[in-house]
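Undergrad: the following block contains a protein sequence and its predicted model.
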Amino acid sequence: MALRMDGAMESTVALIGFGEAGSTFARAAGWGTAACGYDIDPAREPAMADHGVRPGASAAEAVRDAPIVLSLVTADAALAAARDYAPLLAPGTIWCDMNSVAPQTKREACEAVTAAGGRYVDCAILAPVQPGALAVPLLLAGQAAADAVTMLAALGFTNLRVVGDEVGRASTIKLCRSVAVKGIEAICAEMALAAARAGVLDEVLASLDASEKPQSWAQRVDYNLDRMLLHGRRRSAEMFEASEMLRDLGIAPLVTDGTVQWQEGIGELGIAPPAGLAAKLEAIVQSPEFKGEI
């Protein structure tokens, strides 16, 4: 890290958004003050300081000198962040969009960044950042993807793969996978709640176990409900983007639209997941916000 002529410190990386992903990466990498962060929620500034990251007083300060910017905001804010902050980037700066949004959304963000003189990279995170941290699989696409791989590797990321020059390709891979992964979670919720209400849950799970191994379905459903209770609202936003992608492809997102509703509905119950499948199901059906449907 170097000093600017005005005495301010230059950054190795800028973080736009300092939620779970940003804080996890910063903690694992130990970037310290070589990283400058900005979040629209000022309540997150103490967390930046706790990780040694310099809080930027503004987005402009955060991105001013960084050769690469990691965009780690919510799905619904990804395009606005690219459009709002692109004019603040130094020429040639890489905007690494790590948000789970539709390919078309990433292409629109790319237009904003490149029009302002920056370089845009579509980056897809393929697994939970906890416990993956810097080893989480990352797919990258775009004209500057190879340069982004070099920079990210220097920052400590270890599982990087370029999947093409076309912006949106990494996001397409991510969201097609998410149609299955998040869809299975939603299907499990619907199945388990119905079976439990009908008094046949054990029989249904045993039947599923007989046809698929090695993990029991009781373990799988327990895990999936845990994820939905903790992260349903965020995952709902991601699956809304997956629905948009499917429509763009001419595929009716019948199951995925339902997944959006289930993920959001379960997530909005605000329940801290209790241990065990039976306890989770009981907590859901006993919630005042749960009316038998989402």
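TA: Noted; the coordinates are in hand. Residues are numbered from 1 along each chain as shown.

Undergrad: spatially nearest residue to residue 269 (excluding sequence neighbours)?
TA: Leaving aside its chain neighbours, residue 269 sits nearest to residue 287 (4.9 Å; criterion: CB to CB, 6 or more residues apart in numbering). From N, CA and C alone the C-beta is placed, and that goes for glycine too.

Undergrad: and the contacts of stretch 75-85?
TA: For stretch 75-85, the surrounding residues in contact (CB atoms under 8 Å, 6 or more residues apart in numbering) are 16-17, 59, 63, 69, 71, 73, 95, 97, 99-101, 105-106, 108-110, 112-113, 120, 234, 237-238, 240-241.

Undergrad: tell me the pLDDT of residue 242.
TA: Note on residue 242: pLDDT of 85.

Undergrad: tell me the mean pLDDT over the longest strand along the chain?
TA: Secondary structure of the chain per DSSP state E: the longest strand is strand 119-125. Mean pLDDT, computed over strand 119-125, is 98.

Undergrad: immediately after that strand, which helix or strand?
TA: Sequence-wise, the next helix or strand downstream of strand 119-125 (DSSP states H and E) is helix 129-132.

Undergrad: gap between that following helix and the chain center?
TA: Centroid displacement of helix 129-132 relative to its chain, using CA atoms, centre = their mean, to the nearest Å, is 11 Å.

Undergrad: after that helix, next one along is what?
TA: Beyond helix 129-132 in the direction of the C-terminus, DSSP H and E gives the next helix or strand as strand 138-141.

Undergrad: buried residues in that following strand, which are they?
TA: By 16 or more other CB atoms under 10 Å, the buried positions in strand 138-141 come out as 138, 139, 140, 141.

Undergrad: so the first one touches residue 159, yeah?
TA: What that stands for is residue 138. Yes: look at residue 138 against residue 159 with CB atoms under 8 Å: they come within range, at 6.2 Å.

Undergrad: burial count for the closest residue to residue 156 other than its chain neighbours?
TA: Counting by CB to CB, 6+ apart, residue 156 lies nearest to residue 29, which is 4.3 Å off, once chain neighbours are set aside. Using other CB atoms under 10 Å, residue 29 is surrounded by 20 other residues.
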